[in-house]
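Peer 1: here is a sequence together with a model predicted from it:
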Amino acid sequence: MATAIPNTPDVPLQSRVVDDKSPICIPFILSRLEAHKKQQAAAGTAKPFIIGLNGVQGVGKTTLVRALAETLQEREGLPTLVVSIDDFYLPHAGQLALAAAHPENALVQYRGEPGTHDIPLATSFLSTLCAGQPTRVPQYDKAAFSGLGDRVPPSQWPAVNEPSQPRIRVVLLEGWCVGFRALSDAAVEEAWRAPLARTLHRHTLENLLFVNQQLREYDAITDQLDAFIHIDAEDTEYVYAWRGQQEEQLRRERGSGMTDEQVTKFVDAYYPAYELFSEGVRRGIFPNRSGCQLRLVVGRDRSVQDKIVI
């Protein structure tokens with residue numbers, strides 16, 4: 001059976017996050033999987049079950065992904081593929097071209113925000129998987145070009161759905177912006193003008209609207225999800241402390257890691273998207289389907305404080 005674990009070199013190897021999320025998420029996913037199987041049987045089709053998982057950085061997403069993949073693969077016997085949205089970042093040359101085309105827009109000078117992913121590659125990849133056809137799983141090397149990152153050559157991408165392999169039955173797509181949907185221009189402007197916005201005021205409205213426009217293309221991915229898990233925080237600003245804890249652990253274990261100032265700058269690059277799009281995820285990403293989204297709200301210690309099925 002084919003399993004892949006997300007490419008997350010930025011995350012410490014030894015996580016101290018206590019996993020109280022899997023006992024909640026696994027029953028939810030198994031119930032949605034049963035509904036999916038019945039739908040596919042009635043339709044006479046065999047589309048893989050696609051799970052989206054969104055969680056702010058440092059919340060314990062990788063631990064949960066591993067637990068879900070192991071349950072689906074080992075206990076349920078379903079060939080499961082874990083894919084990270086990070087592996088669909090633009091190649092180095094493409095990111096440089098995007099930055100050069102918008103030199104005044106700090107949001108796209110480095111990978112991260114919507115618009116810095118190769119959405120045609122992602123949609124083509126998912127479509128091929130859904131058709132049960134052989135394909136290769138894109139990989140991204142965050143360490144390339146002194147940390148600027150680059151796509152791994154396609155010849156090195158792992159193959160799935162080959163004739164000698166079992167067909168992938170479950171796809172778990174994880175990432176910090178999975179499930180984000182674009183807002184109306186008026187809603188972006190309203191958020192930008194809000195007096196309590198943390199980072200939006202540092203950017204022009206035009207540049208925020210550019211990122212929002214790019215996000216519309218991501219609907220081609222979101223619309224293919226069959227179930228969705230959202231690991232939310234009581235206060236999104238916890239992400240600064242959580243990332244700082246990760247880097248502190250890296251400094252202890254590996255002798256290097258970002259300083260507190262560097263952590264703040266790093267998270268600031270992502271935070272505008274949290275400010276703009278998190279509320280839409282909280283309301284639910286499936287406007288015409290109920291019961292397909294699970295939201296877990298965690299406290300500063302990352303423990304689950306509430307759970308909501310949407």
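Peer 2: Received it, and whenever you're ready, just let me know what you need.

Peer 1: now do the helices in the stretch 51-200 of the chain.
Peer 2: In the stretch 51-200 of the chain, the segments counted as helices under DSSP state H, counting those that start in this stretch are 61-70, 92-101, 119-130, 185-193.

Peer 1: of those helices, flag the one that's most buried.
Peer 2: Among those, helix 61-70 has the highest mean neighbour count (mean count of other C-beta atoms under 10 Å), at a mean of 20. Heads up, the C-betas are built off the backbone N, CA and C, glycines and all.

Peer 1: off-centre distance for that helix?
Peer 2: Relative to its chain's centre, helix 61-70 lies at 13 Å (C-alpha atoms, centre = their mean, to the nearest Å).

Peer 1: what helices and strands are in contact with that helix?
Peer 2: Applying 3 or more C-beta pairs under 8 Å, 6 or more residues apart in numbering; DSSP states H and E, we find helix 61-70 packed against helix 22-43, strand 49-55, strand 80-84, strand 170-174, strand 227-233.

Peer 1: quick one: which of these is nearest residue 300?
Peer 2: For the helices and strands packed on helix 61-70, the distance to residue 300 is smallest for strand 227-233, at 8.1 Å, taking C-beta to C-beta.

Peer 1: nearest to residue 140, out of the helices and strands packed on helix 61-70?
Peer 2: Between residue 140 and the helices and strands packed on helix 61-70, the shortest gap by C-beta to C-beta is with strand 80-84, which sits at 8.0 Å.

Peer 1: for the helices and strands packed on helix 61-70, which one sits closest to residue 148?
Peer 2: Distances from residue 148 to each of the helices and strands packed on helix 61-70 were compared using C-beta to C-beta; the shortest belongs to strand 80-84, at 17.7 Å.

Peer 1: next, the angle from the closest one to strand 49-55.
Peer 2: Orientation of strand 80-84 against strand 49-55 (axes from the mean of the first three to the mean of the last three C-alpha atoms, to 10 degrees) gives an angle of 40 degrees.

Peer 1: okay, now the sheet partners of strand 80-84, with direction.
Peer 2: Partners of strand 80-84 in the sheet, by DSSP bridges, are strand 170-174 (parallel).

Peer 1: average pLDDT across the strand it pairs with?
Peer 2: Averaging the model's pLDDT scores along strand 170-174 yields 98.

Peer 1: can you check stretch 98-113 too?
Peer 2: Per-residue pLDDT values across stretch 98-113 average out to 96.

Peer 1: any weak-confidence spans in this protein?
Peer 2: Low-confidence regions of the chain, defined here as pLDDT under 70, cover residues 1-18.

Peer 1: work out which residue lies at the spatial centre of it.
Peer 2: When C-alpha atoms, centre = their mean is applied to the chain, the residue found nearest the centroid is residue 175 (1.2 Å).

Peer 1: which non-adjacent residue is nearest it?
Peer 2: Nearest residue to residue 175, sequence neighbours excluded (C-beta to C-beta, 6 or more residues apart in numbering): residue 85, at 2.9 Å.

Peer 1: rewinding a little: dump the helices and strands packed on helix 61-70 to CSV, plus mean neighbour count.
Peer 2: CSV is the format used below for these (neighbours: other C-beta atoms under 10 Å):
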stretch, mean neighbour count
helix 22-43, 15
strand 49-55, 25
strand 80-84, 25
strand 170-174, 25
strand 227-233, 23
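
Peer 1: as TSV, those with distance to residue 156 would be great.
Peer 2: Output for the helices and strands packed on helix 61-70, formatted as TSV (distance: least, C-beta to C-beta, whole Å):
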stretch	distance to residue 156
helix 22-43	30
strand 49-55	25
strand 80-84	16
strand 170-174	20
strand 227-233	30
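
Peer 1: what's the closest of those to residue 210?
Peer 2: When the helices and strands packed on helix 61-70 are compared (using C-beta to C-beta), the closest one is strand 49-55, at 22.0 Å.

Peer 1: which helices and strands sit right next to the closest one?
Peer 2: Contacts defined by 3+ C-beta pairs under 8 Å, 6+ apart place strand 49-55 against helix 22-43, helix 61-70, strand 170-174, strand 227-233.

Peer 1: looking at these, which is nearest to residue 252?
Peer 2: When the helices and strands packed on strand 49-55 are ranked by proximity to residue 252, the top entry is helix 61-70, at 18.9 Å, counting by C-beta to C-beta.
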